[in-house]
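J.: The sequence isn't on hand, but the structure is:
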């Protein structure tokens, strides 16, 4: 019998080791798997590379992970905002590495990993500092930059409901990066508000099929 539910947050994240690349879903705090992040902080894995849309808010969730000193590099599209002070402190102290990726490119590179593509050409960043050192090409008279997929060892995402097979549905804007990050990692762990009986989720509503999910934990 296939049953991907985990009995605890720790059981779900305990295989995340030092040096892992971890994708974390969310657009700011919307859809951020805060409980999984807290479990990761308690677990203590260090030297992590984190892929996220931004670089944390306030002093909770992703920001708390940064504050704990467990992240050596962050790949994101929007690192600075009014309450990104934990990232700011680390960055200006040269204690964290930043790879800045335009938001559309970030999504496209994650999608490329999930689709098994070798690389993609994108017009975003062409002719700017972000294209320096990268292969550029003219296609139909328009400039493009070659970008490579972003893969992860683990993805931590948040969904609304899931079943024991790992099928997931999301709630409104909390959907954001979760579905594509689920496809781009070797192991995707999903926290959900509720685990429902198999067959209760309408197949037309399922966004992430269970084939992409290794662990489901109810919060």
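T.: That came through, no problem. Quick caveat, the model's predicted, so the values are computed rather than measured.
J.: Surely residue 191 is in a helix?
T.: No - secondary structure of residue 191 (DSSP: H, G, I helix; E, B strand; the rest coil): strand, not part of a helix.
J.: is it true that it touches residue 155?
T.: No - in this structure, residue 191 is not within contact of residue 155 by CB atoms under 8 Å, at 11.6 Å. Placement of C-beta: from N, CA and C, glycine included.
J.: The two: which has the busier surroundings?
T.: For residue 191 versus residue 155, the count of surrounding residues by other CB atoms under 10 Å is larger for residue 155: 30 against 24.
J.: Please, which helix or strand holds that one?
T.: strand 152-162 (DSSP states H and E).
J.: Show me what that strand is packed up against.
T.: If you count contacts as 3 or more CB pairs under 8 Å, 6 or more residues apart in numbering; DSSP states H and E, strand 152-162 packs onto strand 21-24, helix 34-43, strand 168-169, helix 178-183, strand 185-195.
J.: Could you rerun that using 7 Å?
T.: strand 21-24, strand 168-169, helix 178-183, strand 185-195 (3 or more CB pairs under 7 Å, 6 or more residues apart in numbering; DSSP states H and E).
J.: How about residues contacting that strand?
T.: With contacts defined as CB atoms under 7 Å, 6 or more residues apart in numbering, strand 152-162 is touched by 16, 20-25, 31-33, 36-37, 51, 168-171, 174, 178, 181-182, 184-196, 201, 208, 216.
J.: where are the low-confidence patches of the protein?
T.: Confidence mapping of the chain against pLDDT under 70 gives zero matching residues.
J.: quick check: longest helix of it.
T.: Using DSSP state H, we find that the single longest helix of the chain is helix 103-115.
J.: Neighbouring strands of the helix or strand that that one is followed by in the sheet, and parallel or not?
T.: Counting by DSSP H and E, the next helix or strand C-terminal to helix 103-115 is strand 120-122. Applying DSSP bridges to the sheet, strand 120-122 is found paired with strand 142-147 (antiparallel).
J.: Give me the residues contacting the longest helix of the chain.
T.: 53, 77-78, 101, 120, 122, 124-125, 147-151, 180-181, 183-184.
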